[in-house]
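Enquirer: 3D, please:
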Amino acid sequence: MLVAECFACYFECSGNLRRWRGFVKGSRRDTIAAMKPTKTVGTQTATLAEIARAAGVSAPTVSKVLNGRADVAPSTRTRVEELLRTHGYRRRRAEATRSPLIDLVFHELESAWAMEVIRGVENVARDAGLSVVLSESAGRLTPGRTWADQVAARRPHGVILVLSGLDESQRALLTSRSIPFVVMDPAGDPGTDVPSIGATNWQGGLAATRHLVELGHTRIGAISGPSRMMCSRARVDGYRAALETAGVPVDPSLIVTGDFHHEAGYRLGLALLRREDRPTAVFAGNDLQALGLYEAARELGLRIPEDLSVVGFDDLPVARWVGPPLTTVRQPLTEMAEAAAKLVLDLGREEESPVATRVELATSLVVRSSTAAPGA
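Expert: Numbers count the residues shown, from 1 in each chain. The predicted structure follows:
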C-alpha cells in the first residue's frame, strides 16, 4: 500500500512539473511576443539592440521604455519612443492589470465650474464601475513633473485633463503604458493627434454680444479670461465679430483681461464702470466674473439691468438664482465631461487607437433678467 501511494505521488508531481514547465514556456513566449514589433518598416525590422544603438542607450533602457518603466530620463524616453514607433514596436494592452479608476486633472479645482465637470465624469465612471481620482496642477497648463509617474503607477483606465495638457515626455510615458488620455476644453492647441472635447466658444461670444447689440447697446465692454487660454481668446473673437458685423466700432480700451475668477470681475468691473464714458453693457467672459461685476455695480450704485446689462458664460446653477437672474451663454459642461469620459474609455478598449478629432458641443444663449435696452 505504501509503494502504491509513493507511485501515485510520483506521477502527480511529474504531471505538475510538466504543467509548470509548460506554463513557464508559455509565459516566456508571451514575454517575447510582447517585445516583438507589430509591423515592419520597409523590408527590415530593427532589433531592440539596434534601436538601443541608434538611440545611444543600452538595451535594458530600451526594454524599460517599452515596458513603461518610470526610471528613464524624459529626453531619453522621447528619443527611444520615437524609434520604437518608427519600427512598429507596441506594448500589448493589459486590460486585466488596469486599476478601476479614471484620473481627472484640473488646472485649478476651486469653483462651481469644476463641480459640473466632476458630475459629468462621475456619471460615466459610475455606470462603468469605476472611481474618479481628482488632482490639480496648481494653475499650470501641464501637470507637475512627478504626476505622470504617479499615473503610470496607478494604471487607470484613462486620463481626462481639463484646461490643461501634457508635455512630450508625459505623453510618451502614458502612451508607453497604453493609458489613453483626452483633453477637455484645451488651454492651447492640443495638436491633431490628441483627442479633445470643447464647446463653440466663438459662437457663444458672438451670440452674447449680438444680443446686447440688438437691445440697442453700442458701448459694450468685455472682461476676457486669460489670453493664454484658447477658449477665452475665442470668446473675445466672437465678441469682436458681432460688433464688426453690426457696424459698431471696437474700442480696445473696453476689453480687459481677467482670470475667470470672481475677484477679477469685481476689480476690472470697477475700473470699467468708473470711466466717464463707461459701457452700458458688459460681456463678462464667464459667470464667475459676471458675479464679480454685479458686486462692482452695486458698490457704485448702478442698477442691473436699468443702468448696466450683463451677460455671462457657462450657465452655472447659481446664474438663475442671483438677483437679477443672469443672462448667460450655456456651455454644456456636464455633457462635455460625459463625452470626454466616454471617449477615453472607448480609446482604452481599442487595440489601435482611432484617429483623434476635436469634438465641439454647441453653446446657446439663455436670456434672463440681467439684460435690457439702454436706459430701460
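Enquirer: run through the strands of the stretch 251-376 of the chain in chain order.
Expert: Counting by DSSP state E, counting those that start in this stretch, the stretch 251-376 of the chain has strands at residues 255-257, 281-283, 309-314, 327-330, 358-361, 364-366.
Enquirer: out of these, which comes closest to Ala372?
Expert: Among these, the nearest to Ala372 by C-beta to C-beta is strand 309-314 (6.0 Å). From N, CA and C alone the C-beta is placed, and that goes for glycine too.
Enquirer: in its sheet, what does the closest one sit against?
Expert: Applying DSSP bridges, strand 309-314 is found paired with strand 281-283 (parallel), strand 327-330 (parallel).
Enquirer: out of these, which one sits most buried?
Expert: strand 281-283 (a mean of 30; mean count of other C-beta atoms under 10 Å).
Enquirer: which other residues reach that one?
Expert: Residues outside strand 281-283 that contact it (C-beta atoms under 8 Å, 6 or more residues apart in numbering): 205, 208-209, 212, 215, 217, 219-223, 235, 239, 269, 272, 293, 308-311, 313, 371, 374.
Enquirer: about what we covered before: tell me which of the strands of the stretch 251-376 of the chain sits nearest to Ser75.
Expert: The closest of those to Ser75 is strand 358-361. By C-beta to C-beta, the value is 28.8 Å.
Enquirer: looking at it, Arg274 is touching Leu302, isn't it?
Expert: No: taking contacts as C-beta atoms under 8 Å, Arg274 lies outside contact range of Leu302: 10.5 Å.
Enquirer: who has more neighbours out of the two?
Expert: More crowded of Arg274 and Leu302, by other C-beta atoms under 10 Å: Leu302, with 16 against 10.
Enquirer: quick one, helices of this structure?
Expert: For the chain, helices defined by DSSP state H occupy the ranges 2-35, 48-55, 59-66, 74-86, 112-127, 147-154, 168-176, 201-214, 230-245, 262-273, 287-299, 333-349.
Enquirer: need those in CSV (columns: mean pLDDT).
Expert: Listed next are those as CSV, based on pLDDT from 0 to 100:
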stretch, mean pLDDT
helix 2-35, 40
helix 48-55, 82
helix 59-66, 76
helix 74-86, 77
helix 112-127, 94
helix 147-154, 84
helix 168-176, 81
helix 201-214, 98
helix 230-245, 97
helix 262-273, 98
helix 287-299, 98
helix 333-349, 93
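Enquirer: run a quick neighbour tally on the nearest residue in space to Asp307 that is not next to it in sequence.
Expert: Spatially, and ignoring its direct neighbours in sequence, Asp307 is nearest to Ala297 (7.4 Å; C-beta to C-beta, 6 or more residues apart in numbering). Residues lying near Ala297 (other C-beta under 10 Å) number 20.
Enquirer: mind listing what Ala297 touches?
Expert: Taking C-beta under 8 Å, 6+ apart, one finds 269, 273, 303-304, 307-308, 310 in contact with Ala297.
Enquirer: ok, Arg155 next?
Expert: 97-99, 177, 179.
Enquirer: the same query, at a cut-off of 6 Å, please.
Expert: Arg155 makes contacts with 98-99, as judged by C-beta atoms under 6 Å, 6 or more residues apart in numbering.
Enquirer: also Thr245?
Expert: With C-beta under 6 Å, 6+ apart as the criterion, no residue contacts Thr245.
Enquirer: that older thread, so which of the helices of the chain is nearest Gly188?
Expert: Using C-beta to C-beta, the helices of the chain put helix 230-245 closest to Gly188, at 5.7 Å.
Enquirer: could you give the angle of the closest one to strand 309-314?
Expert: For helix 230-245 against strand 309-314, the angle by axes from the mean of the first three to the mean of the last three C-alpha atoms, to 10 degrees is 140 degrees.
Enquirer: pull out the buried residues from stretch 120-136.
Expert: Neighbour counts over stretch 120-136 (16 or more other C-beta atoms under 10 Å) mark 120-125, 130, 132-133, 135-136 as buried.
Enquirer: what residues does that stretch touch?
Expert: Here stretch 120-136 has contacts from 100-106, 109, 334, 337-338, 341-342, using C-beta under 6 Å, 6+ apart.
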